[in-house]
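>>> Here's a sequence, model it:
(2 chains)
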Amino acid sequence: NAGVTQTPKFQVLKTGQSMTLQCAQDMNHEYMSWYRQDPGMGLRLIHYSVGAGITDQGEVPNGYNVSRSTTEDFPLRLLSAAPSQTSVYFCASSYRRGANYGYTFGSGTRLTVV
Amino acid sequence: AQSVAQPEDQVNVAEGNPLTVKCTYSVSGNPYLFWYVQYPNRGLQFLLKYITGDNLVKGSYGFEAEFNKSQTSFHLKKPSALVSDSALYFCADSPSGGYQKVTFGTGTKLQVIP
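Numbers count the residues shown, from 1 in each chain, chains lettered A, B, ... in the order given. The predicted structure is shown next:
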């Protein structure tokens, strides 16, 4: 049981390049989400998914796309990287079983756009 | 709408002294509140949550938090700080009980001084 796995851990992109940040969970959680963490701003929600085939926008979705073809995977795509997207990105998954639920984070991807 | 606020960017406390990290909330309806901790270059780890019930919630690593409805606060506390408690702490809430769309505060850096 690996929890939430994010790859890569570090990435440097040139402005205009595209890439996909990978996120996979093996806990059969129905809900997955992507956050970005910037100094002094906490974590801000980019996109989230409540199940396979269902995604929705969070607080800061512009410049990012997501898809959820399986329960396990929730990749985040940067279409045309910009310096403003330099950040640390966290993927999270969660579940709810009645009054019990859990929220698990990956270890993050540090992205630099030059 | 819901939000949480962490009024202190940094808290310094001497090892062995009690610590408090502050969080206030503004939510409509019943609040679902959480505390997470982030160690350097790591993802967020769940500490504790409040849904309903006892106002004093006990969590991991000896931490506890007190839910105060009249003051709309959910301060994180520990009776005796350890140097290893030094980390970034996030208060968070969710409109749906922690399952979806968790909103994070801006974070408070806790520095425990030996």
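>>> and the end-to-end length of stretch A:56-76?
From its first residue to its last, stretch A:56-76 covers 12 Å (C-alpha to C-alpha, to the nearest Å).
>>> typed the wrong thing, it's stretch B:14-21
14 Å.
>>> Can you confirm whether that stretch lies near chain A?
No: using C-beta under 8 Å from any C-beta of the partner chain, stretch B:14-21 never reaches chain A; the gap is at least 13.7 Å. Glycine gets a C-beta too; all of them are placed from N, C-alpha and C.
>>> neighbours of A:G3, just the number please.
15 (other C-beta atoms under 10 Å in any protein chain shown).
>>> Report the separation between it and chain B.
9 Å (C-beta to the nearest C-beta, to the nearest Å).
>>> For the residue nearest to that residue when sequence neighbours are not counted, give me its contacts.
Nearest residue to A:G3, sequence neighbours excluded (C-beta to C-beta, 6 or more residues apart in numbering or on different chains): A:T104, at 5.4 Å. A:T104 makes contacts with A:G3, A:V4, A:Q25, A:M27, A:H29, A:A92, A:S93, A:S94, B:F46, as judged by C-beta atoms under 8 Å, 6 or more residues apart in numbering or on different chains.
>>> Please identify the helix or strand for A:T104.
Element membership of A:T104, judged by DSSP states H and E, is strand A:100-105.
>>> Could you measure from the residue nearest to A:G3 over to A:N28?
As judged by C-beta to C-beta, to the nearest Å, A:T104 and A:N28 stand 12 Å apart.
>>> Now the common contact residues for the two.
Common neighbours of A:T104 and A:N28, using C-beta under 8 Å, 6+ apart, do not exist here.
>>> Using the three-state scheme, assign the nearest residue to A:P75 once chain neighbours are set aside.
In this structure, A:P75 finds its nearest non-sequential neighbour in A:T20, 4.9 Å apart by C-beta to C-beta, 6+ apart. With DSSP: H, G, I helix; E, B strand; the rest coil as the basis, the three-state label of A:T20 is strand.
>>> A:T20 contacts A:L79, correct?
No: counting by C-beta atoms under 8 Å, A:T20 does not reach A:L79; the two are 10.2 Å apart.
>>> what's the weakest-modelled helix or strand in chain A?
strand A:100-105 (a mean of 77; mean pLDDT, DSSP states H and E).
>>> what's in contact with the next helix or strand after that strand?
Using DSSP H and E, the next helix or strand after strand A:100-105 towards the C-terminus is strand A:109-113. Outside strand A:109-113, the residues that touch it by C-beta under 8 Å, 6+ apart are A:6-15, A:21, A:78, A:81-90.
>>> now the spatially most central residue of chain B, which residues is it bridged with?
Centroid-nearest residue in chain B, with C-alpha atoms, centre = their mean: B:W35, separated by 3.6 Å. Bridge pairing for B:W35 (DSSP bridges) gives the partners B:L48, B:C91.
>>> Confirm for me that it is in contact with B:K78.
No: with contact defined as C-beta under 8 Å, B:W35 does not reach B:K78; the gap is 11.0 Å.
>>> Quick check: neighbours shared by the two?
Common neighbours of B:W35 and B:K78 (C-beta under 8 Å, 6+ apart) are B:F63.
>>> tell me which element A:S33 is part of?
A:S33 belongs to strand A:31-38 when elements are defined using DSSP H and E.
>>> Neighbouring strands of that strand in the sheet, and parallel or not?
strand A:42-51 (antiparallel), strand A:87-97 (antiparallel).
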